[in-house]
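> What follows is a predicted structure for the sequence shown.
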Protein chains: 4
Amino acid sequence: MLIATFEHAIYNSIGTVTDSDVMPQALHEILQWTSENHILCHWVPHRKVLIFPDPISDKMLNQLLAFGIKNLIETNSPYPLIQRDLLFAAAPLTIGDIVFQPGTFTLIAGPCSVESRSMIHETAAFLSELGIPILRGGTYKARTSPYHFQGYGHDALNDMRTAASQFGMKMLTEVVSEELVEPISEVSDILQVGSRNAQNFQLLKRIGIQPKPVVIKRGFMNTLEEFLLAAEYIALMGNHQILLCERGIRTFEPWTRNTLDISAIPLMQQQSYLPVIVDPSHAAGRTDLVLPLVKAALAVGAQGAMIEVHPNPSAALSDGKQTLDFNQFTELVREIEHTAKRLGIHLQHLEKNDLGLLMQL
Amino acid sequence: MLIATFEHAIYNSIGTVTDSDVMPQALHEILQWTSENHILCHWVPHRKVLIFPDPISDKMLNQLLAFGIKNLIETNSPYPLIQRDLLFAAAPLTIGDIVFQPGTFTLIAGPCSVESRSMIHETAAFLSELGIPILRGGTYKARTSPYHFQGYGHDALNDMRTAASQFGMKMLTEVVSEELVEPISEVSDILQVGSRNAQNFQLLKRIGIQPKPVVIKRGFMNTLEEFLLAAEYIALMGNHQILLCERGIRTFEPWTRNTLDISAIPLMQQQSYLPVIVDPSHAAGRTDLVLPLVKAALAVGAQGAMIEVHPNPSAALSDGKQTLDFNQFTELVREIEHTAKRLGIHLQHLEKNDLGLLMQL
Amino acid sequence: MLIATFEHAIYNSIGTVTDSDVMPQALHEILQWTSENHILCHWVPHRKVLIFPDPISDKMLNQLLAFGIKNLIETNSPYPLIQRDLLFAAAPLTIGDIVFQPGTFTLIAGPCSVESRSMIHETAAFLSELGIPILRGGTYKARTSPYHFQGYGHDALNDMRTAASQFGMKMLTEVVSEELVEPISEVSDILQVGSRNAQNFQLLKRIGIQPKPVVIKRGFMNTLEEFLLAAEYIALMGNHQILLCERGIRTFEPWTRNTLDISAIPLMQQQSYLPVIVDPSHAAGRTDLVLPLVKAALAVGAQGAMIEVHPNPSAALSDGKQTLDFNQFTELVREIEHTAKRLGIHLQHLEKNDLGLLMQL
Amino acid sequence: MLIATFEHAIYNSIGTVTDSDVMPQALHEILQWTSENHILCHWVPHRKVLIFPDPISDKMLNQLLAFGIKNLIETNSPYPLIQRDLLFAAAPLTIGDIVFQPGTFTLIAGPCSVESRSMIHETAAFLSELGIPILRGGTYKARTSPYHFQGYGHDALNDMRTAASQFGMKMLTEVVSEELVEPISEVSDILQVGSRNAQNFQLLKRIGIQPKPVVIKRGFMNTLEEFLLAAEYIALMGNHQILLCERGIRTFEPWTRNTLDISAIPLMQQQSYLPVIVDPSHAAGRTDLVLPLVKAALAVGAQGAMIEVHPNPSAALSDGKQTLDFNQFTELVREIEHTAKRLGIHLQHLEKNDLGLLMQL
């Protein structure tokens, strides 16, 4: 694979490229030339690079330089746009006041499904009081059976938006369909690609062209290389605000719903500059393992965890077995705070001031 | 789960229900009543049944009877619409002259990707000469890496249609996106849901509302229950022309790309009336196992096999390692014919007469 | 790896080497020389070859030739002694009148455990009447829990011997302990290494130095390479009478106890000259899949199947769920005979004449 | 399962039972009575309990009470002897000065194989200097191929003993054969059952009747229930000094040799009072993951880790790729000390005083 840039300097982050005023004309010429010569070429606007997946002849290389290309980087990386230390440094991903970077840990919490206006309001009130900055919740659901609860859709989306905003939280919800990408992107602060859609490449492409940050969950039977390539699909379409979420893989062990692959966290950190978080609720499928798995994630340098909480798990419409109630979650947060503090990790809290202000409105 | 019908007789196949002229009014009333009472209810037009996934109170049951419901069947089946011996007998799935039923075997063959007009034409000419009735080929591709060949899309679709029609073959191509369901359904005789989309429920729903037969491949990470539920998604939306395709599951064995789960064939036949076929090319990922795996599939009663063939596999843009060349495929078909004959299984051929007629045009 | 022989001809089977009278002295010298020079070297008496696993210098090669070595064969095979087409052709494995070779199929049947003298007698009487030539049965059992039935040991072994002999059958029982190798080898016609001991290398070595044929079952989580290396352990110790038994691998699919890896049969046949059989009872863990799995095995060229039968499966002390009763087994044999005949495969029967003679005694 | 004791009090640990002088006669009578009546019964001397795996009739229960039994405890636990909170509290396992108990962490380190007297001496000198209390090393090896290095056996065992003793360390080595249990038990301080022998039940039984502590590794193909049952085999034979070692399971992920099942640690701690340690070297199969996996183990409350170290890993006869050199290991220990301190976990060190004394000798 060949990466071509218009400037001498290797770009280290979004924003450092400033004098690209001469680019459009050259770019136009190159794209026309590659098209005429049947050369596969991707233009990545946010990174201002051209990617040539196939081998290029010397003659063609010279032609590229003639078009004004300044840097030509040969790489064996299967995912150059998200690769650590190749082109782009880890510009911290920021969502409002939340900054995902090494040494920080962010909790994302909420119910499997948004079941009513009052329950999501009650949950957001509870979570914000604990300082949890991001509210998760299912609006359109991906369920194994067509007869299982499929989510309350549009209504749930709006109720969740209202609840999150009222308590100063960011909201995160899953996108299960290409045609829902745009409507959900307009409402939610963060989008999620679920485990069963981790290789739904058309969905990934669509999510890559909308502007909101994305949590992509590892397919429960995907290798790490496949997972990183799924993230590259999103990056190639122009969206670099990606969080990788390890949520367990399918093995023969029946005592857990899946097996959390703890090694995946350091491995992905080696391979990519993208922040890595974990989902202990889906990995374990049981409440009693949520705390130990979050502790393990903290210890290996994950930057966050997504946890299922519900006012009344035993009455939840989905995933009740792995969902904590408010008392359990309060206790969990105390323990996580304790462990994070000991390990010198900054646990990101909802800013009380912001919240205070919001509450007065 | 409760299945409600308007007639006394249990329907055994599509077509046996004739005197349903009184139904629309009752149906209209029921659907309004369930909606007002927040009762989850699916109306399945092709089967003329109502499905109530959640428990129903006695009072509600009486109300249903008052609406004109004649039969109320309680079932524990997670997939009542495709379940063997529950409501619907195995009305044979027919595609043109091809009838999928026990005792028959149908070969589906073609390249991983349609790479040019001439190669798909050459392949269709070759396959039709051998009597293969269905041409497979990738037009829009689902690839693990965004830098891998993604298929020639619209052009490939049209070229394949022309080639298939010219040689009297039916055509089958994969649908990788919700928004492609309609355009591909208009052109192709059979649609395919790929292994990576086996739990892309929105795609399944969309495919369920178009009229063409569907081959659904087992997700390489899916249990058989999950696979049958994916088929139920399609059936619930109204499309009962479904072929289940076992194509190997992911295991720890590295000598094959996947592990063909031969037990899946009799198990699915026990569970469902839908015909089951195999894909030995993707299961094994190597040409030398295609014949033994087809023989195994014949022996256990599979009703077909889908096999990758290419004029020049070593130059194929995808899947070359598992793709047979024309000589290998000719030899394979001879062996399959021989085994099928010995086992008393009817190998379905392209009708030479039809072909002769077509050739004269 | 380097294989050295004393003769010019490559040995094709046991028995073709005749003029090896000059060997002992040269062999003695070589083994002393390798020992003094710390060169790893295995002498394989039955094959009359020396195996040097590590690279050998040119100087050492010359020295070997000076000792009278005639052939030096360099190989990359990890298992040269059981490798197809390397040194040794597939001399058919014979056990009494039973000849394991392509085109034949042999049924091995009996209870999971020998539970009493009368039950094994009753079973042997029934099976021999059906023409089954080999009686299987557990005497010393390998059980997951120490509180589960561990087999009746010595008594069961003797009762089984008596029953098998009375009805002219060969007997096969598992060896679960190094120290049981010798006592069981003295009594049983065939030894078995179970799936949980497939990488118990000390047991494999011990079994390699006793003279009886061995069925080795694939470990349920072993790759095929690991399985073939386990067989090589036995062969290297001098025993070449080995049957490879595919019995299913552990996957995520819960509807079967294990997943029969049907591809393993042609793959092992490609790799090794050893005969391959299947165990559909343990693979599936349920009676209804035994017949389809045997049919699949027949179709891909397996040379036998081992099936659990019990006079009263519901009262069996172990594995009842996967064990056929006498009526089911009789029906199964009819079906297998039918399929084998159609496929042109010779189903090996207990010789009725022998049986007749025995019965008169 | 029924547990019968001779005393009113439930025994909480070894040593609390003192007034059992009346037991022998009653015990003798019970064992004779169960034998005569074909009642399965295990006497566990160290725990002074009788275990009846099968259901017992009321009449028999009365008979048992008549024999002097005081307590009869009905349990559904499949592994009553190692079950947490059933009968026996977690009496800390002590090996010399090392005490395995919650809040402590013990490092076990050394080479995959003892390759020479000098290398094991050099390694022990280095490790003891760092305060590592237990030296691991392979003497008799379990290798996948018969042509791979099988260990230097007896010589390695003695060299390792000398090295460990000279530097005041405890030694741990694997037992790969039933007949090696006794000789190794006489020499080594701790025995190990390897992953491939985790269901070699005869080996487990033999290890259960020797007095040295045992590390049992989870079979890479075993469920946690199977693993705990393997430990129960050892306990039932009378040895309660067992350490459970999670060392990764086999999955489809190719970037690691196995997948460390981090959930296994809290799950086993819930189920059993036995201490749990991890083997990050075999789990990951690569040096760069050793530190993160040890950190994760610390965070979830594992009580130790076993790590492969070698003076020159690139020249190691086995497992070089996953083995740390001295510099890497020194750095690792610093990091572990740092993390343990932060988490308030006591890292057990070789007592310098003892060492100093020893060095003077």
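Arrived safely. Numbering: from 1, shown residues only, chains lettered A, B, ... in the order given.

> What are the boundaries of the helices in the stretch 201-350 of chain A?
Taking DSSP state H, counting those that start in this stretch, the helices of the stretch 201-350 of chain A run over residues A:201-208, A:224-236, A:264-271, A:280-284, A:290-299, A:326-343.

> Show me the one of these that comes nearest chain C.
Counting by Cβ to the nearest Cβ, chain C lies closest to helix A:280-284 out of the helices of the stretch 201-350 of chain A; the figure is 14.9 Å. Every residue, glycine included, has its C-beta placed from N, CA and C.

> so can I have JSON lines of the helices of the stretch 201-350 of chain A showing mean pLDDT and mean neighbour count?
Below are these laid out as JSON lines (pLDDT from 0 to 100; neighbours: other Cβ atoms under 10 Å in any protein chain shown):
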{"stretch": "helix A:201-208", "mean pLDDT": "96", "mean neighbour count": "24"}
{"stretch": "helix A:224-236", "mean pLDDT": "96", "mean neighbour count": "24"}
{"stretch": "helix A:264-271", "mean pLDDT": "97", "mean neighbour count": "22"}
{"stretch": "helix A:280-284", "mean pLDDT": "96", "mean neighbour count": "27"}
{"stretch": "helix A:290-299", "mean pLDDT": "98", "mean neighbour count": "26"}
{"stretch": "helix A:326-343", "mean pLDDT": "96", "mean neighbour count": "16"}
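
> Make CSV from the ones you listed and add distance to chain C to it.
Shown next, in CSV, are the helices of the stretch 201-350 of chain A (distance: least, Cβ to the nearest Cβ, whole Å):
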stretch, distance to chain C
helix A:201-208, 24
helix A:224-236, 17
helix A:264-271, 18
helix A:280-284, 15
helix A:290-299, 20
helix A:326-343, 29
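
> May I see those helices organised as a markdown table, with distance to A:H349 added?
Listed next are those as a markdown table, based on distance: least, Cβ to Cβ, whole Å:
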| stretch | distance to A:H349 |
| --- | --- |
| helix A:201-208 | 28 |
| helix A:224-236 | 28 |
| helix A:264-271 | 23 |
| helix A:280-284 | 20 |
| helix A:290-299 | 15 |
| helix A:326-343 | 9 |
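
> Point me to the residue sitting closest to the centre of chain A.
Nearest to the geometric centre of chain A sits A:V215, at 2.1 Å (Cα atoms, centre = their mean).

> Let me know whether that one touches A:L172 as I believe.
Yes - between A:V215 and A:L172 there is a contact under Cβ atoms under 8 Å: 6.5 Å.

> Now for those two: what residues contact both?
Both A:V215 and A:L172 are in contact with A:108, A:190-192, A:306, where contact means Cβ atoms under 8 Å, 6 or more residues apart in numbering or on different chains.

> quick check: domain ranges of chain A?
Listed domain ranges for chain A are A:2-74, A:93-360 (source: automatic domain parsing).

> For the helix or strand hosting A:I51, name the packing helices and strands.
According to DSSP states H and E, A:I51 maps onto strand A:49-52. Counting contacts by 3 or more Cβ pairs under 8 Å, 6 or more residues apart in numbering or on different chains; DSSP states H and E, the secondary-structure elements packed against strand A:49-52 are strand A:2-5, strand A:42-44.

> from these, which stretch is densest packed?
Ranked by mean neighbour count under mean count of other Cβ atoms under 10 Å in any protein chain shown, those are led by strand A:2-5, which reaches a mean of 21.

> any idea of the mean pLDDT for that one?
Average pLDDT, strand A:2-5: 83.

> Show me what it is packed against.
Using 3+ Cβ pairs under 8 Å, 6+ apart, strand A:2-5 sits against strand A:49-52, strand A:71-74.

> So for whichever residue of the stretch 151-300 of chain A sits closest to chain B, what's the pLDDT?
Proximity of the stretch 151-300 of chain A to chain B (Cβ to the nearest Cβ) peaks at A:M221, 2.9 Å away. Looking at A:M221, its pLDDT reads 92.

> same deal with A:L50?
For A:L50, the model assigns a pLDDT of 88.

> and the nearest residue to it once chain neighbours are set aside, what are its bridge partners?
Distance criterion Cβ to Cβ, 6 or more residues apart in numbering or on different chains; nearest residue to A:L50, sequence neighbours excluded, is A:A4 at 4.3 Å. A:A4 has these beta-bridge partners by DSSP bridges: A:L50, A:L72.

> Next up, the contacts around A:A4.
A:49-52, A:64, A:69, A:71-73.

> how about a cut-off of 7 Å?
A:49-50, A:52, A:64, A:69, A:71-72 (Cβ atoms under 7 Å, 6 or more residues apart in numbering or on different chains).

> now do A:Q210
A:Q210 makes contact with A:181-182, A:185, A:239, according to Cβ under 7 Å, 6+ apart.

> out of those residues, who's nearest B:S263?
If you rank the contacts of A:Q210 by distance to B:S263 using Cβ to Cβ, A:V181 comes first, at 38.8 Å.

> number of nearby residues for that closest one?
21 (other Cβ atoms under 10 Å in any protein chain shown).

> likewise the one 10 residues further on?
Look at A:L191: counted by other Cβ under 10 Å, it has 23 neighbours.

> That one in helix, strand or coil?
strand (DSSP: H, G, I helix; E, B strand; the rest coil).

> Wait, it touches A:K212, no?
Yes - between A:L191 and A:K212 there is a contact under Cβ atoms under 7 Å: 5.4 Å.

> Spit out the residues that contact those two alike.
Joint contacts of A:L191 and A:K212 (Cβ under 7 Å, 6+ apart) are A:S185.

> which ones are touching the closest residue to A:T106 other than its chain neighbours?
Closest residue to A:T106 apart from its sequence neighbours, by Cβ to Cβ, 6+ apart: A:G304 at 3.9 Å. If a contact means Cβ under 7 Å, 6+ apart, then A:G304 has A:100, A:105-108, A:277 as its contacts.

> Mind pulling up the pLDDT for A:I30?
On the pLDDT scale, A:I30 gets 88.
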